[in-house]
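K.L.:
Here is a sequence together with a model predicted from it:
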Amino acid sequence: MGALQAEEFGELQNLVDGLFQNAKTVERIDLVVQAEILDLTDDLMEIVTLIPPGTYERARLCDQINSALAAHGWGGTYGTVE
């Protein structure tokens, strides 16, 4: 039995895409602020707030988000990011 996709499936990917549209690196605070602006659900905000403070290139940020999703078992529900 596969995981059910949430209505919010892909929202984290959209968040990452938007952050890196014109930037090579982003600060964690930018991630959190943009997630709040987008009014992400509590589950997705939980994932975002688990990211440690720092400056991230896209691949590293995606690794951090995907690790948090995997730890919760939510990758299939909300989608992983690239």
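P.N.:
Good, I have the coordinates.
K.L.:
Relative to A35, how far out is the residue nearest the centre of the chain?
P.N.:
In the chain, the C-alpha nearest the mean C-alpha coordinate belongs to L12, at 4.0 Å (CA atoms, centre = their mean). To A35, L12 is 9 Å away according to CB to CB, to the nearest Å. Every residue, glycine included, has its C-beta placed from N, CA and C.
K.L.:
Tell me the confidence at the residue nearest to the centre of the chain?
P.N.:
Here the pLDDT value assigned to L12 is 97.
K.L.:
and Y78, how many residues sit next to it?
P.N.:
Neighbourhood size, Y78 [other CB atoms under 10 Å]: 25.
K.L.:
Would you mind listing the residues in contact with it?
P.N.:
5-6, 8-12, 43-44, 47, 69 (CB atoms under 8 Å, 6 or more residues apart in numbering).
K.L.:
and these as TSV, adding secondary structure and distance to V81?
P.N.:
Putting those into TSV (DSSP: H, G, I helix; E, B strand; the rest coil; distance: CB to CB, whole Å) gives the following:
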residue	secondary structure	distance to V81
Q5	coil	15
A6	coil	15
E8	coil	13
F9	coil	12
G10	coil	9
E11	helix	10
L12	helix	5
D43	helix	15
L44	helix	11
I47	helix	10
L69	helix	8
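K.L.:
As JSON lines, those residues with distance to T55 would be great.
P.N.:
Shown next, in JSON lines, are the contacts of Y78 (distance: CB to CB, whole Å):
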{"residue": "Q5", "distance to T55": "31"}
{"residue": "A6", "distance to T55": "29"}
{"residue": "E8", "distance to T55": "26"}
{"residue": "F9", "distance to T55": "28"}
{"residue": "G10", "distance to T55": "25"}
{"residue": "E11", "distance to T55": "23"}
{"residue": "L12", "distance to T55": "19"}
{"residue": "D43", "distance to T55": "25"}
{"residue": "L44", "distance to T55": "22"}
{"residue": "I47", "distance to T55": "19"}
{"residue": "L69", "distance to T55": "21"}
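K.L.:
No more questions from me, cheers.
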